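>>> can't give you the sequence, but here's the structure:
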Ligand SMILES: CC(=O)SCCNC(=O)CCNC(=O)[C@H](O)C(C)(C)COP(=O)(O)OP(=O)(O)OC[C@H]1O[C@@H](n2cnc3c(N)ncnc32)[C@H](O)[C@@H]1OP(=O)(O)O
Ligand SMILES: O=C([O-])CC(=O)C(=O)O
Ligand SMILES: [Mg+2]
């Protein structure tokens, strides 16, 4: 089956009508309309109303639509959920998520709203944003708190704010937190989405950060500008050399009947179960990205 990729989540402030109409032309895997920090306090309600109308009227096609609501402990969070879910929103990002209880509170609210509006109970899925030291420590419990949680994201700006440190380009201050979020997402079987990179003009630094987060286990990146989308897709989409090598490995493994155990050598390299699994994953990512693979069924 074709895997749904979430390589990119393009943030768009929901108080900007233009973004509501045009953001899908940049073809991110996901758009995330923001009601939280990108929206001034005195525009929160108007932005929510605007987003509700957009959700009812606009077809975003293949692009998966998320909204970042305000935290439930604010004056806006609960009303965000009460307005957006009946308008058809199926994906929420819960910011500043710090505990299993934060997820359970949202789960209870969502269930009540789904029941009241004849929406299938459990159909609204949640991405929990881990952006404080407490959230990092609790990220496994958060990721496992409800079947609604399909991904967790890391938020470095609030994380460094809470920790009282600077966010540097080298990112040493983030390493443990990032790794913890990625490992716990993996244990829980959910996607891990890495944090935004604010220096829009620094393409080289952005690429370095995306590659490093991918190698820590993140399956995608939050973006703040359309120019970042294609760069992330390139990094997360296998190139033709990797695809050809993977096909060769899988075919050789099948011919030698070692898919359940055993080793062979292909082009001087040892091939065994983990190597075969990695080759299959590369093909899965390629197919998910829309690349046609001939000959090998995965
Ligand atoms: C720490 C956090 O919480 S991060 C998450 C919250 N932050 C956000 O949501 C911010 C998202 N990003 C933005 O709002 C903007 O990109 C900004 C403010 C950073 C820069 O905006 P601009 O100065 O307008 O960028 P720029 O002039 O390069 O834009 C180029 C084009 O891309 C569009 N564009 C820019 N950013 C976005 C975006 N995030 N989504 C969709 N379209 C966008 C612009 O409208 C413009 O379109 P045009 O060519 O048709 O005029
Ligand atoms: O989730 C993100 O990357 C953006 C964010 O809110 C943060 O960094 O605090
Ligand atoms: Mg934040």
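Noted; the coordinates are in hand. Note that the structure is a prediction, hence the values are computed from the model and not measured. Ligands and ions are numbered 1, 2, ... in the order given.

>>> pick out the residue nearest the middle of the protein.
residue 193 (3.8 Å; C-alpha atoms, centre = their mean).

>>> who does the helix or strand that contains that one pair up with?
Per DSSP states H and E, residue 193 falls inside strand 191-194. Strands that pair with strand 191-194, judged by DSSP bridges, come out as strand 149-154 (parallel), strand 220-223 (parallel).

>>> interface residues of the stretch 101-250 of the chain facing ligand 1?
Within the stretch 101-250 of the chain, the positions adjacent to ligand 1 are 157, 196, 224, 225, 226 by C-beta under 6 Å from any ligand atom. For glycine as for every other residue, the C-beta is placed from the backbone atoms N, C-alpha and C.

>>> which two of those residues have the greatest separation?
157 and 226 (19.7 Å; C-beta to C-beta).

>>> which of the strands paired with strand 191-194 sits most buried?
Comparing those by mean neighbour count (mean count of other C-beta atoms under 10 Å), strand 220-223 ranks first with a mean of 27.

>>> neighbouring contacts of that one?
Residues outside strand 220-223 that contact it (C-beta atoms under 8 Å, 6 or more residues apart in numbering): 5-11, 28-30, 32, 153, 191-197, 210, 213, 228-229, 232, 236.

>>> considering only those residues, which also neighbour ligand 3?
On the criterion C-beta under 5 Å from the ion, none of the entries of the contacts of strand 220-223 sits beside ligand 3.

>>> so which of these sit within strands?
Mapping these onto strands (DSSP state E) picks out 8, 9, 10, 11, 30, 32, 153, 191, 192, 193, 194.

>>> looking at it, the second one is touching residue 66, isn't it?
The reference is to residue 9. Yes: taking C-beta atoms under 8 Å as the definition, residue 9 is a contact partner of residue 66 at 6.6 Å.

>>> what's the overlap in contacts for these two?
Common contacts of residue 9 and residue 66 (C-beta under 8 Å, 6+ apart): 30, 31, 32.

>>> could you export those as CSV, including distance to residue 51 and neighbour count?
Formatted as CSV, those follow (distance: C-beta to C-beta, whole Å; neighbours: other C-beta atoms under 10 Å):
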residue, distance to residue 51, neighbour count
30, 15, 25
31, 11, 24
32, 11, 25
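
>>> looking at those, which one is closest to ligand 3?
residue 32 (11.9 Å; C-beta to the ion).

>>> correct me if wrong: that closest one contacts residue 93.
Yes: counting by C-beta under 8 Å, residue 32 touches residue 93, with 6.1 Å between them.

>>> what's the closest non-adjacent residue to residue 227?
Counting by C-beta to C-beta, 6 or more residues apart in numbering, the nearest residue to residue 227 once its immediate chain neighbours are dropped is residue 200, at 6.6 Å.
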